[in-house]
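With the input below, show me the fold.
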Amino acid sequence: MKTSEEGPLHKRLGAEFRRRIETGEWPEGRPVPSEAQLCEEFGTSRGPVRQALAQLRAEGHLAGGRGRPPVARRVTPSQPFASLMSFTQWARSIGRTPGQHTVEVARRRATPETAGRLGLDEGAPVVDLVRLRHLDGVPAMIERSTFVLDAGSHLFAFDPDEGSVYEALTTRGVDLHHARHTIDAIAADPDDARLLGIDPGQPLLRVRRLAFTGDGTPVEYADDRYLPAMATFTIENTVGGRTVAGRDRTTPAARTTVEENQ
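Got it, this is the predicted structure:
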């Protein structure tokens, strides 16, 4: 088996089956091997194989059923709002390897837009961060963040290429408590196209994030732009304590906003 030897057998089997689908070893739209064939190949009983196949079905990697053999499906990774603040956390949760290339970390003066978002005076010092994020080495998203100076100054004390900025900031005492996200579509500008290796004008999913401390003080304003083929987003609601969704009518084009508590 080409997966890690740690963890329950059904999870290791599931990881291997998922790999075969994503790499095309099990072609999309074609039936996958039967339970009996998989049991023989991996030298195991039907229980772990069935658990692994059930998990892949729940993830959307398998279609069919009701007497028909399951067929392989490739699925665009979906990012739930429970982990939207951290790209690294999300990637790890779906079994992908997160990566990043830092384009710049710079101290600047706040533009009128970022000053307004962060509750600062125009021209106040802020720290800008631009990174290209990867999934398994493939470009997935451009991350542009502006931090208030107290929080952003920590970015000069570590290498943002080493992993999650949020994890590094929280270990240094930065209070990142909750965030509000606005999701829309935008055409790739020349900088986006160059970093992502696409043509200008190609549609991107844009997530604008305003992160707050526990007492509601803005600490970061971000503009993240995803390749639609690399990520989608989901919202799960419950009767009690559901994710709060509303409409922002402050611009002619109403935008859906979601507030997330971490």
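
so Glu220 makes contact with Leu210?
Yes: using C-beta atoms under 8 Å, Glu220 makes contact with Leu210 at a distance of 7.4 Å. Backbone N, C-alpha and C define where each C-beta goes, glycine included.

All the helices of the stretch 1-150 of the chain, residue numbers only.
For the stretch 1-150 of the chain, helices defined by DSSP state H, counting those that start in this stretch occupy the ranges 9-23, 35-42, 46-59, 87-93, 112-118, 149-152.

okay, Glu220 and Leu210: which has more neighbours?
Regarding Glu220 and Leu210, a neighbour count based on other C-beta atoms under 10 Å identifies Glu220 as having more, with 27 against 18.

can you pull the contacts of that one?
Leu118, Ser145, Thr146, Phe147, Val148, Ala151, Leu176, Arg209, Leu210, Ala211 (C-beta atoms under 8 Å, 6 or more residues apart in numbering).

anything in contact with each of Glu220 and Leu210?
What both Glu220 and Leu210 touch, as defined by C-beta under 8 Å, 6+ apart, is an empty set.

related to what we said a few turns ago, could you dump the helices of the stretch 1-150 of the chain into TSV with mean pLDDT and mean neighbour count added?
Converted to TSV, the helices of the stretch 1-150 of the chain look like this (pLDDT from 0 to 100; neighbours: other C-beta atoms under 10 Å):
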stretch	mean pLDDT	mean neighbour count
helix 9-23	89	19
helix 35-42	93	14
helix 46-59	87	17
helix 87-93	79	19
helix 112-118	91	16
helix 149-152	96	17
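
Looking at the ones you listed, which is nearest to Gly137?
Nearest to Gly137 among the helices of the stretch 1-150 of the chain is helix 87-93 (11.6 Å), distances taken as C-beta to C-beta.

And the closest one, what does it pack against?
With contacts taken as 3 or more C-beta pairs under 8 Å, 6 or more residues apart in numbering; DSSP states H and E, helix 87-93 sits against strand 98-109.

Thanks again, I'm all set now.
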